[in-house]
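S.K.: Pasting the sequence and the predicted model now:
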Amino acid sequence: MFERFTTSAREVVRGAVRHAEDAGAETVGEAELLLALLDRTGGNRTGGSGADSSRTEDGGGRKEGGGGRKEGGGGRKGGARARNDHKGSPAAEVLTALGAHGRRASIERALADVRRRGGITGADVEALAGLGIDVDEIVARVEEAHGVGALATAGFTPDSTPESAPDSTPGPTPESAPGAASARAPRRGRRPLRRPFSREAKSVLERSLRIALARGDKYIGDEHLLLALTARPGVAAHVLADHDVTYIQVERALSVRATKG
């Protein structure tokens with residue numbers, strides 16, 4: 001499947017791994033994929049800003065350390081990616097058009113709140129409040145007894161449910177994911193970056209393929225990853241919906257982009 005990924009999609013996967021590394025998470029989840037997509041809008045994350053990545057693609061991969069030239073140089077599959085990569089980052093354009101880029105700080109806070117609550121989304125909080133359950137009060141009591149962030153255990157992400165046997169093969173890693181050749185080497189004193197993708201994140205990647213095929217696309221771009229994130233209920237979909245970014249809106253924005261050529 002990963003041979004279908006465009007440069008933009010590969011950057012999202014690599015960026016998600018970096019976010020998981022920075023957060024000390026054991027798995028790469030939906031939240032990390034969403035943050036990596038927001039990076040593509042030209043955010044201030046070091047080492048993977050959308051602005052820099054877009055220039056890399058528009059320049060034919062000159063800053064890819066040789067990897068970009070290989071993708072666009074030989075073979076029909078590499079050529080197909082190169083033909084699509086020159087279009088930049090559709091997901092970044094859509095997220096910017098829908099205002100998500102300008103609300104990134106709010107989105108990050110919402111994701112952090114979900115993590116602090118042990119994976120309970122804002123929608124869950126409202127539903128439980130209707131039953132007379134004050135989630136924030138419960139979290140406060142737990143943290144008072146066990147310390148701040150007690151529910152956000154080390155390595156936990158909201159959707160980091162591990163795969164159960166027998167289907168317990170690890171998800172994409174920097175070595176197996178798109179663009180593996182340019183994955184960062186582990187820093188001295190730190191564990192090798194071999195974090196598996198959570199079951200939910202792996203489902204997003206698989207869903208992006210189905211969405212691409214349904215749209216008649218022979219490649220998987222970051223726009224397909226964004227559609228896959230918003231297509232089903234999940235941490236990323238809930239947080240984005242709270243910030244006025246839904247699957248329908250993403251589809252419409254992509255259609256408008258396509259008509260503009």
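M.R.: Yes, it's here.

S.K.: Quick check: the nearest residue to residue 151 once chain neighbours are set aside vs residue 232, distance?
M.R.: Distances taken as Cβ to Cβ, 6 or more residues apart in numbering place residue 118 nearest to residue 151, at 3.5 Å, with adjacent residues excluded. In short, each C-beta sits where N, CA and C put it, glycine included. According to Cβ to Cβ, to the nearest Å, residue 118 and residue 232 sit 21 Å apart.

S.K.: So between the two, which is more surrounded?
M.R.: residue 118 (17 against 14; other Cβ atoms under 10 Å).

S.K.: you'd agree the more buried one is up against residue 146?
M.R.: No - the pair residue 118 / residue 146 is not scored as a contact, 11.9 Å apart, by Cβ atoms under 8 Å.

S.K.: give me the element the residue nearest to residue 151 is part of.
M.R.: For residue 118, there is no helix or strand it lies in under DSSP states H and E.

S.K.: pLDDT at it, what is it?
M.R.: pLDDT for residue 118: 72.

S.K.: what does residue 59 give?
M.R.: For residue 59, the pLDDT comes out at 37.

S.K.: In what element of secondary structure is residue 104 found?
M.R.: Residue 104 belongs to helix 104-116, assigned by DSSP H and E.

S.K.: Distance check, residue 240 against residue 104.
M.R.: As judged by Cβ to Cβ, residue 240 and residue 104 stand 12 Å apart.

S.K.: So which of those two has more stuff around it?
M.R.: residue 240 (26 against 18).

S.K.: quick one: the more buried one is in a strand?
M.R.: No - counting by DSSP: H, G, I helix; E, B strand; the rest coil, residue 240 falls outside a strand, being helix.
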